[in-house]
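[1] let me see the structure of the following:
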Amino acid sequence: MQTDGIFQSTDKAMTRVGLFYFWHEPDYTLDMTPPKILITRLIPDLGLNLVKEHFPTLEVFTADLPPTREQLLEKVRGVDGLLCLLTERIDTELMDAIGPQVKVISSMSVGVDHIDLAEATKRGIPIGNTPGVLTDATADQAFALLLAAARRITEAERFLRAGKWITWCPSLFLGADLHGATLGIVGFGRIGQAVAKRAQGFGLRVIYHDPTAQPAFGSQPAELDDLLRESDFVSIHVPLTQKTKHLVDAEFLSKMKSNAVLVNTARGGVVDQTALYVALKSKRIFAAALDVTDPEPLPMDSPLLELENCIIVPHLGSASKWTRDQMSLLAAQNLIAGLNGERLPHCANPDVYR
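    Here you go, the predicted model:
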């Protein structure tokens, strides 16, 4: 066994070069050229070990922070398969750097807004993603944030830790009730529907805005303006596209109820954070809870961090052990399928096969 406290390899040789590790079979047949594989971060063992079982020669970036753009552009040159995270921007420049030999790009994420899908499809590159497995974890996170904002949990905990709690008080940190309130869900895909399912147990009335979705879990469709006017809680579950960029802007926020709570577990770019700051600061809405920001990480001088009525956590929607394991497994399966010339189990640009 070889180990440096971060990695272990029991049946394969391991070589370190800077921040990268290379796994390889010590007696690999010399007349066979293994595919060149790059994994841009250290993913959970379930997925990493599966890749190593199929392709013992691979390169993994081991630092806590993502590779810089310069490092990435250098390391992707000539790869046959790339497994990346949402922290890497996969655009025309990067695809040019990779070269025409690439067979697959697999992202350990359900969202693929960091990848130029149109360009990848034009080049015949299948793009893998990891849908489905993070639905429940993200829905749990959305509801956790909704509850925390409604009952002012983080604000109250800071108050206690600061030694300000003197006695029980009938007016201390009064929050919002869920039972009998209305939850508006913007985007009613897998995660939006999972949030609606959870809302049933809290006695919430659920309405949603999504022209392509059918009612589920007792929910009813609504026009966006009607949803904003009626909802006590608004939860965002749309992908980030040109159409949804800054969907939550000053006009959107002005149509919400003054006692409403905004929850975003989708993508940070869906919310105009300047407009949100103004709405929260002026008490135009009651509170906001954000799992995602733009940019990520959120700069420490962001004015949102000054607000007591804004909860922000570091993109933890899928951050459960089981979920991240399964995401790594799906990402590995997509990578392996692409390298073997097979159709990806989960392909974000299926037109590539037409």
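
[2] surely Leu183 is in contact with Ser235?
    Yes. Using CB atoms under 8 Å, Leu183 is in contact with Ser235, at 6.6 Å. Where you see a C-beta, it was placed from the backbone N, CA and C, and this is true even at glycine.

[3] what touches both of the two?
    146, 195 (CB atoms under 8 Å, 6 or more residues apart in numbering).

[4] more neighbours, those two?
    The neighbour comparison of Leu183 against Ser235 (other CB atoms under 10 Å) goes to Ser235, with 29 against 26.

[5] specify the local secondary structure of that one.
    strand (DSSP: H, G, I helix; E, B strand; the rest coil).

[6] ok, it - contacts?
    Per CB under 8 Å, 6+ apart, neighbours of Ser235: 142, 146, 183-186, 192, 195, 263-265.

[7] any chance of those in a markdown table, with distance to Leu73, pLDDT and secondary structure too?
    Listed next are the contacts of Ser235 as a markdown table, based on distance: CB to CB, whole Å; pLDDT from 0 to 100; DSSP: H, G, I helix; E, B strand; the rest coil:
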| residue | distance to Leu73 | pLDDT | secondary structure |
| --- | --- | --- | --- |
| Ala142 | 36 | 98 | helix |
| Leu146 | 41 | 98 | helix |
| Leu183 | 44 | 98 | strand |
| Gly184 | 43 | 98 | strand |
| Ile185 | 40 | 98 | strand |
| Val186 | 36 | 98 | strand |
| Gly192 | 37 | 98 | helix |
| Val195 | 39 | 98 | helix |
| Val263 | 37 | 98 | strand |
| Asn264 | 31 | 98 | strand |
| Thr265 | 31 | 98 | coil |
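
[8] in the chain, which spans are helices?
    Using DSSP state H, the helices found in the chain span residues 45-54, 69-75, 92-98, 117-122, 135-150, 153-161, 190-200, 224-230, 250-254, 273-281, 321-339.

[9] can you pull the contacts of Val352?
    Shown in contact with Val352 (CB under 8 Å, 6+ apart): 120-121, 124-127.

[10] residues touching Leu147, list them.
    153, 178.

[11] with Lys255 instead?
    Neighbours of Lys255 in contact, by CB under 8 Å, 6+ apart: 225, 228-229.

[12] cutoff 10 Å now
    By CB atoms under 10 Å, 6 or more residues apart in numbering, the contact set of Lys255 is 224-229, 231, 234.

[13] what's the most distant pair in the contacts of Val352?
    Within the contacts of Val352, Gly124 and Ile127 form the most distant pair, 11.1 Å apart (CB to CB).

[14] in stretch 338-352, what's buried?
    338-339, 344, 346-349, 352 (16 or more other CB atoms under 10 Å).

[15] name the surrounding residues that touch stretch 156-174.
    Taking contacts as CB under 10 Å, 6+ apart, the residues outside stretch 156-174 that touch it are 148, 151-153, 155, 175, 308.

[16] how about those in TSV, adding distance to Pro239, pLDDT and neighbour count?
    Formatted as TSV, the contacts of stretch 156-174 follow (distance: CB to CB, whole Å; pLDDT from 0 to 100; neighbours: other CB atoms under 10 Å):
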residue	distance to Pro239	pLDDT	neighbour count
Ala148	24	98	21
Arg151	29	98	16
Arg152	30	98	20
Ile153	29	98	17
Glu155	31	97	18
Gly175	31	97	17
Glu308	31	97	12
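
[17] okay, now Leu65: neighbour count?
    Here the number of neighbours of Leu65 (other CB under 10 Å) works out to 9.

[18] ramachandran angles for it?
    Backbone torsions of Leu65, given as degrees, to the nearest 10, read phi -90, psi 150.

[19] pretty sure it sits against Arg41.
    Yes. Leu65 is within contact range of Arg41, at 9.2 Å (criterion: CB atoms under 10 Å).

[20] overlap in contacts, these two.
    Listed as contacting both Leu65 and Arg41 by CB under 10 Å, 6+ apart are Thr87.
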